[in-house]
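Visitor: Generate coordinates for the sequence data below:
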Amino acid sequence: MKLSWGTSITIVYTAFALATLGFVAFAMTQRVDLVRPDYYEEALLHDSMQVARKRAVDQGSVVRLHNDTLLLLDSSASRLDAPVTIEWLRAQNPAMDVRSSTTISALTQNGVSTRNLERGRWTLRLSWNVLDRSFQIDTTLSL
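Guide: I've put the predicted structure just below:
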């Protein structure tokens, strides 16, 4: 049995339409998570965050992970009691994000334990203010 050209075009078009509808149905059932719930608000602050990151780099602030302890290496600010916001962000599951705070002196001298965090890849964000100047460190760590 030979198909006419009109029947062949109809079969191809129908198969294409069904495949497109199938992909749309599949895409609508997928979970979509932004890295942060306030993603758009944070994007508006992008320029000020870049300045804060540059200040931290220029000051020589570095984070190190040593024996399940996170340390901030910053000799110029190690005696300050300024509050530091620590954010552990997990891209695979935003429900696992952890936010806490400490002081610069505690973070440089004692550090923060990472034993209660699940093993894997984390994005770490440290942010603090000293004398009305903001500082920020963003890095990716594997625990």
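
Visitor: and the nearest residue to Pro83 once chain neighbours are set aside, how many neighbours does it have?
Guide: Closest residue in space to Pro83, ignoring its immediate chain neighbours: Ser101 at 5.5 Å, by CB to CB, 6 or more residues apart in numbering. Just so you know, the C-beta spots here come from the backbone N, C-alpha and C atoms, and that holds for glycine as well. Applying other CB atoms under 10 Å, we find 12 residues neighbouring Ser101.

Visitor: Check Gln50 too.
Guide: For Gln50, the neighbour count with other CB under 10 Å is 11.

Visitor: Pull out the buried positions in the host helix or strand of it.
Guide: If you go by DSSP states H and E, Gln50 is part of helix 46-59. By neighbour count on 16 or more other CB atoms under 10 Å, the buried set for helix 46-59 is Met49, Ala52, Arg53, Ala56.

Visitor: circling back: for the residue nearest to Pro83, give the beta-bridge partners.
Guide: Beta bridges link Ser101 to Thr85 when assigned by DSSP bridges.

Visitor: Would you check that it makes contact with Leu107?
Guide: No. With contact defined as CB atoms under 8 Å, Ser101 does not count as touching Leu107 (9.9 Å).

Visitor: Now do the shared contacts for the two.
Guide: Counting by CB atoms under 8 Å, 6 or more residues apart in numbering, the contacts common to Ser101 and Leu107 are Val84, Ile86.

Visitor: for the protein, what spans make up the helices?
Guide: Per DSSP state H, the chain carries helices over the ranges 5-28, 39-44, 46-59, 104-109.
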